[in-house]
Structures are given as structure tokens and as C-alpha cells.
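*Asks:* Predicted structure and sequence below. I'll ask about it afterward.
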Amino acid sequence: MRVLGVSGSLRRDSHNRRLLQAAAATLPPEAELVVYEGLKAIPPFDEDDEHSPARAVHDWRGAISDADALLFATPEYNSSIPGHLKNALDWASRPIAEAALANKPAAVIGASTGSFGAVWAQAALRKALAAAGARVIDRAATARCSIRSAQPSSTRSSPSCSARPRSAERGHRSW
């Protein structure tokens, strides 16, 4: 089983990218998690370009089509999902007759430095995925992240996440 992992954060060392890596360890041995790296290259959705999209859109749609299931890890921006992630979903849901997301199993997890652990963003992402035709596992899996010193005398800090991806892990068995 090929699972496409999509981090809603564009930051190279984001909490959500690390959350995807942690989630990969919970997958059964027959499953492989492949992290999608091209989200930043996807241009803004424009219906005028829908039938002749940019190469990055073809690559995005192809990655979704090649996957057996999707695992999204999203941060929470202003109580919702990042705009570039919603934009990518718009491209993957159009044109409706050819939507890459149609009937694709999908799970959502999220990490945030906020006290709610990205639950609002997860709810918004599950809603957008369902509206696009994906078969969404309707369970929240959160990770609350904090910044702490790596060493008492260090000026650098390292993020620490306490993840609870178990509900999504149990849900992937229904894929």
C-alpha cells in the first residue's frame, strides 16, 4: 500500500513534516509513506487554466492518483488550513469528472503550537476533502508542539511534539 503524505506546512523542518515521519512508523509493514515535496510549486487555482494546468499541477494530480491512500498533516493558520494547501485541493478536485481526489481514502492529522493542536484546521481539511469526493476518516489526531531548549546553555531551540496519531492509525485499517 502506497500512502502519499502531504504536509500542509511549506517549512522544511516543520512540526507537521516530522509528524508525518512519526506517523510512517505506525503504518503496517506492507505500507510505505511517500512524502509529497511539490506543494510550494503549485500555482494559484484559476479556472481559465483548468484544462491546461502547469506541470506542478500534473505532478500533484499524478502523485494522488498513484497513491492508495492519503495522509495529510496540517498546521492551523487563523483557525483553518493554510491557503496553499486549500489551493492544492482545489486543483486536485477539478475538473469534477477527472478529480484526482474522487473516492481516494484520506486521513488528517495535525500539529500546532497552539493549545488545540490544530483541531480546527483538521476539521476544515476533512470538510474540504469530503467536498472534493475523498473518503475521509473522520477522526481527529492531534500533536501539541512546544519550543524548548536543546541544552540549558544553548541558544538554539528544538521543537518537541507530543503526538497522538493513534486514532488515524486505527482508521487506516478501514482503507
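*Replies:* Yep, it's here.
*Asks:* what kind of secondary structure is the spatially most central residue of the chain in?
*Replies:* Centroid check for the chain by Cα atoms, centre = their mean gives Phe72 as the closest residue, at 2.1 Å. In three-state terms, and counting by DSSP: H, G, I helix; E, B strand; the rest coil, Phe72 is strand.
*Asks:* Surely it and Leu125 touch.
*Replies:* Yes. The pair Phe72 and Leu125 qualifies as a contact (Cβ atoms under 8 Å) at a distance of 5.9 Å. Just so you know, the C-beta spots here come from the backbone N, C-alpha and C atoms, and that holds for glycine as well.
*Asks:* residues shared between the contacts of the two?
*Replies:* Gly8, Leu85, Val108 (Cβ atoms under 8 Å, 6 or more residues apart in numbering).
*Asks:* So which of the residues you listed is surrounded by the most neighbours?
*Replies:* Val108 (31 neighbours; other Cβ atoms under 10 Å).
*Asks:* which residues does it bridge with?
*Replies:* Phe72 (DSSP bridges).
*Asks:* quick one: it and Val136 touch, right?
*Replies:* Yes. With contact defined as Cβ under 8 Å, Val108 reaches Val136; the gap is 7.1 Å.
*Asks:* intersection of neighbour lists for those two?
*Replies:* Joint contacts of Val108 and Val136 (Cβ under 8 Å, 6+ apart) are Arg126, Leu129.
*Asks:* quick one, strands of the protein?
*Replies:* 2-7, 32-35, 69-74, 105-112, 135-136, 142-149, 157-163 (DSSP state E).
*Asks:* how close does Ala73 get to Ala107?
*Replies:* 10 Å (Cβ to Cβ, to the nearest Å).
*Asks:* out of the two, which sits in the more crowded spot?
*Replies:* Ala73 (33 against 29).
*Asks:* contacting residues around that one?
*Replies:* 5-9, 16-17, 19-20, 23, 108-111.
*Asks:* Most neighbours among the residues you listed, please name it.
*Replies:* Most surrounded of the contacts of Ala73: other Cβ under 10 Å gives Ala111, at 33 neighbours.
*Asks:* circling back to that earlier point, would you check how far apart the residue nearest to the centre of the chain and Asp48 are?
*Replies:* 27 Å.
*Asks:* Ile96 too?
*Replies:* From Ile96 over to Asp48 (counting by Cβ to Cβ), the distance is 17 Å.
*Asks:* out of those two, which sits in the more crowded spot?
*Replies:* Taking neighbours as other Cβ under 10 Å, Ile96 and Asp48 compare with Ile96 leading, 9 against 6.
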